[in-house]
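[1] Turn this into a structure:
(chains A and B)
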Number of protein chains: 2
Amino acid sequence: MTRPVNFSPGPAIVAPEVLEQAASALMGVPEVQGLSVVEISHRLPWFEGVVAETRDRLRRLMGIPDTHAILFLQGGARGQFAQVPLNWLRPGTVGAYIDTGVWSKAAIDEARTLGEVQVIASGESEGYRRLPALEGVALPERTAYVHTTSNNTIYGTQWPELPDFGAVPHVVDISSDILARPIDVSRFALLYAGAQKNAGVSGVTIAIIDKAWMAAAREDIPAIWQYRVQDAHDSMFNTPPTFAIYVTLCVCRWLEELGGVAAMAARNEDKARIVYAAIDGSDGFYRGVVTEPRHRSRMNATFRLPSEALEKTFVAEAEAAGLHHLKGHRKAGGIRASLYNALPVEGAERLAEFMRDFKARH
Amino acid sequence: MTRPVNFSPGPAIVAPEVLEQAASALMGVPEVQGLSVVEISHRLPWFEGVVAETRDRLRRLMGIPDTHAILFLQGGARGQFAQVPLNWLRPGTVGAYIDTGVWSKAAIDEARTLGEVQVIASGESEGYRRLPALEGVALPERTAYVHTTSNNTIYGTQWPELPDFGAVPHVVDISSDILARPIDVSRFALLYAGAQKNAGVSGVTIAIIDKAWMAAAREDIPAIWQYRVQDAHDSMFNTPPTFAIYVTLCVCRWLEELGGVAAMAARNEDKARIVYAAIDGSDGFYRGVVTEPRHRSRMNATFRLPSEALEKTFVAEAEAAGLHHLKGHRKAGGIRASLYNALPVEGAERLAEFMRDFKARH
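    The predicted structure is shown next:
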């Protein structure tokens, strides 16, 4: 019996070392009388230490400068879709959005309930199978911020380099590639991510925010939705999702032991190369969904087979071979292999081997 | 070495059986190829079953009628402090609030950022040491809803019976006594609770909402903050806090095995009687914070000692005796013993014994 490989799009694979540490703390933490990490106050010095260490490690791992604060919030990326315009989209200003698929569109829809939005570039007419060209794109006057989605899990596109808008505040949803490749944090006003793909489990949202921009946000909105309030309270304005934060700490420890983000990015490149080579070397049996090779995601490799019937067979036989959760999102169809940080290179190799074998048999 | 007793005010004690089930699912769930509960999609039928079973058990445990929906949200009670007025406090209407302490006040402050608020009764002038009288209190014309806090963790008061406002929508924060005593759910428009005291771990918020009232809420606000949207998506509009929901399921199973809410309420009465008897039988050495005995909380027993120095000694000696996290909230001072569902009667007995012994020695 081979070990199962978990290609889940999210909540996604977690490293066994992380699960073991988390389960151990769930059963009891020696530093707090053997009580569980989930049954103690977030105000205890030990738990404040957990939050501080998680923040310190993220700062080191991502090279986050002192100009930026690190917050642990709730509500996931969808919460941020609303919280960002609530804080900065004042009357008379415009939120400029780049539309690269389902999640970008959801961010746009939320912002429209709160203010004026302009979609400055969209991949919709090309079925989101490539990223839109940005040459010649002009930002509206009085742009409050630009919003970009770094990696698009459903269609399988990813910005090879994040766009640059100079001094205009740039907000990026990095939910699906946080900690998976280096980012020059100093360039961005706000980076946010739900933790459940590369940074832990669902229930905690990481926000990395330029302090000056944070200070310029609205103050006449509910305190719970003000980044500055959470920052002033060290992310403990309300009871934080303590277990989810603890798991993020375990992920950071694991990542640093493996060599950090650069080492992880190299490993992610390896995995993506292996899977895309299996697609491209199949004489057209497998067809990549993304039309521009430079826009192919390192996190989610999407491809089709000659027929939907074969795709069903592919998923079923893959499951039988221990390769799980490869079915594509219903909006894109086909196959999606999610290759997040915790997926070992061996997982990608087993998938590529299965793909060659499946092609030979069908 | 005696076993530690956990009087943490929250996140609070979790039953060992619940922790064991949760740790087991964290290490691997047989029904999903042995993968961890945290590394699978919330869209898998197995996890949809977890959500459905949690809902069904809550419905049974709390006697929730079909007129009410059960939602699993994020953001805790503080999130609800903002979400409630955002949904229902339209211009021209008034949010009527009963102020019984720090958490009520925080709810009032959030509502004031969104609309017109009237405090219809307040315990502030009496230091929140009793609940305000409601006789003769008139609701403002055009009251959108009344908001009450069921149990006040900091001062240690609890409504022996929740107030009745007839047909006016009544919203109650039951964060600290959900599942701890019977409630006639049909009387309320919305009951909400962070799970981390009696219903699980921090990171999930339970909302029990009258469907007709839900349908009457604003639709021109961000989708993520609309109860109806979460209801239409079975609480999966965004990725839910899967682990926290799973723990709530384990808590519900544990509760039903122990006989349900009525059995738990009886046990909670026992624990409270034991601790308050130790206070009242101390010839004034221990003084209860709450001035009206009928308003004493069954969840958080608060009391003072003859001096702050003695209170410090009390906390330190209690820790040494294995009785943990008894220090009162900084706003109330003194001692607070939190007696939530998962605290066994033996925990209250050990505290009472320690109190008698401490008094004899000091």
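[2] Tell me the pLDDT of A:M62.
    Listed pLDDT for A:M62 reads 98.
[3] With A:E48 instead?
    98.
[4] Please apply the same query to the one 5 residues further on.
    Taken from the predicted model, the pLDDT recorded for A:E53 is 98.
[5] Same check on A:L305?
    Looking at A:L305, its pLDDT is 98.
[6] Run a quick neighbour tally on it.
    22 (other C-beta atoms under 10 Å in any protein chain shown). C-betas here are computed from N, CA, C, even on glycine.
[7] From A:R287, how far off is it?
    For A:L305, the distance to A:R287 equals 8 Å [C-beta to C-beta, to the nearest Å].
[8] Same check on A:E31?
    Applying C-beta to C-beta to A:E31 and A:R287 gives a distance of 54 Å.
[9] and what of A:D164?
    Using C-beta to C-beta, one gets 32 Å for the distance from A:D164 to A:R287.
[10] So for stretch A:269-278, what gets flagged as buried?
    By neighbour count on 16 or more other C-beta atoms under 10 Å in any protein chain shown, the buried set for stretch A:269-278 is A:271-272, A:274-276, A:278.
[11] Let's have these in a markdown table, adding distance to B:E219, pLDDT and secondary structure.
    Output for the buried residues of stretch A:269-278, formatted as a markdown table (distance: C-beta to C-beta, whole Å; pLDDT from 0 to 100; DSSP: H, G, I helix; E, B strand; the rest coil):
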| residue | distance to B:E219 | pLDDT | secondary structure |
| --- | --- | --- | --- |
| A:K271 | 44 | 98 | helix |
| A:A272 | 42 | 98 | helix |
| A:I274 | 48 | 98 | helix |
| A:V275 | 43 | 98 | helix |
| A:Y276 | 44 | 98 | helix |
| A:A278 | 47 | 98 | helix |
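[12] quick check, nearest of those to chain B?
    A:K271 (16.9 Å; C-beta to the nearest C-beta).
[13] thinking again about what came up before, of the buried residues of stretch A:269-278, which are in range of chain B?
    Contacts with chain B are made by none of those, judged by C-beta under 8 Å from any C-beta of the partner chain.
[14] Between its first and last residues, how far does stretch A:3-15 reach?
    The straight-line separation of the ends of stretch A:3-15 (C-alpha to C-alpha, to the nearest Å) is 14 Å.
[15] what does stretch A:157-169 give?
    Using C-alpha to C-alpha, the end-to-end distance of stretch A:157-169 comes to 23 Å.
[16] same check, this time on stretch A:311-327
    Start-to-end span of stretch A:311-327 (C-alpha to C-alpha) is 8 Å.
[17] what's in contact with it?
    Counting contacts by C-beta atoms under 8 Å, 6 or more residues apart in numbering or on different chains, the residues outside stretch A:311-327 that touch it are A:1-9, A:304-305, A:328, A:333-338, A:350-351, A:354, A:358, A:362, B:33, B:35, B:40-41.
[18] what about the strands in the stretch 1-150 of chain A?
    Secondary structure of the stretch 1-150 of chain A by DSSP state E, counting those that start in this stretch: the strands cover A:5-6, A:68-73, A:94-99, A:116-122, A:143-149.
[19] just the buried residues of stretch A:269-278 now: which is nearest B:A23?
    Nearest to B:A23, judged by C-beta to C-beta, of the buried residues of stretch A:269-278 is A:K271 at 30.0 Å.
[20] Need phi/psi at the closest residue in space to that closest one that isn't next to it in sequence.
    Counting by C-beta to C-beta, 6 or more residues apart in numbering or on different chains, A:K271 lies nearest to A:A348, which is 3.9 Å off, once chain neighbours are set aside. Per-residue torsions, A:A348: phi -70, psi -40 (degrees, to the nearest 10).
[21] next one: A:R336
    For A:R336, the backbone dihedrals are phi -140, psi 120 (criterion: degrees, to the nearest 10).
[22] Just the pLDDT for A:M1.
    Reported pLDDT for A:M1: 47.
[23] still on that earlier bit, which neighbours do A:L305 and A:R287 share?
    Counting by C-beta under 8 Å, 6+ apart, nothing touches both A:L305 and A:R287.
[24] Now A:G200: closest residue in space that isn't a chain neighbour?
    Nearest non-adjacent residue to A:G200, counting by C-beta to C-beta, 6+ apart: A:T248, 3.8 Å away.
[25] Tell me the confidence at the one you found?
    Note on A:T248: pLDDT of 98.
[26] That one and chain B: what is the separation?
    Distance check for A:T248 against chain B: by C-beta to the nearest C-beta, to the nearest Å, it reads 12 Å.
[27] which residues touch that residue?
    A:54, A:58, A:72, A:195, A:199-200, A:204, A:206.
[28] same thing but at 10 Å, please
    Contact analysis of A:T248 by C-beta atoms under 10 Å, 6 or more residues apart in numbering or on different chains lists A:18, A:50-51, A:54-55, A:57-58, A:72, A:179, A:195, A:199-201, A:203-204, A:206, A:241.
[29] buried stuff in the strand or helix carrying it?
    Per DSSP states H and E, A:T248 falls inside helix A:242-257. Across helix A:242-257, burial judged by 16+ other C-beta under 10 Å covers A:242-255.
[30] Please apply the same query to stretch A:111-126.
    A:111, A:113-117, A:119-123.
[31] Quick check: end-to-end length of that stretch?
    End-to-end span of stretch A:111-126 (C-alpha to C-alpha): 23 Å.
[32] do stretch A:132-152 as well
    End-to-end distance (C-alpha to C-alpha), stretch A:132-152: 13 Å.
[33] Write out the residues of the stretch 51-200 of chain A neighbouring chain B.
    For the stretch 51-200 of chain A, the contact set with chain B under C-beta under 10 Å from any C-beta of the partner chain comprises A:73-83, A:85-86, A:106, A:109-114, A:175, A:194-197, A:200.
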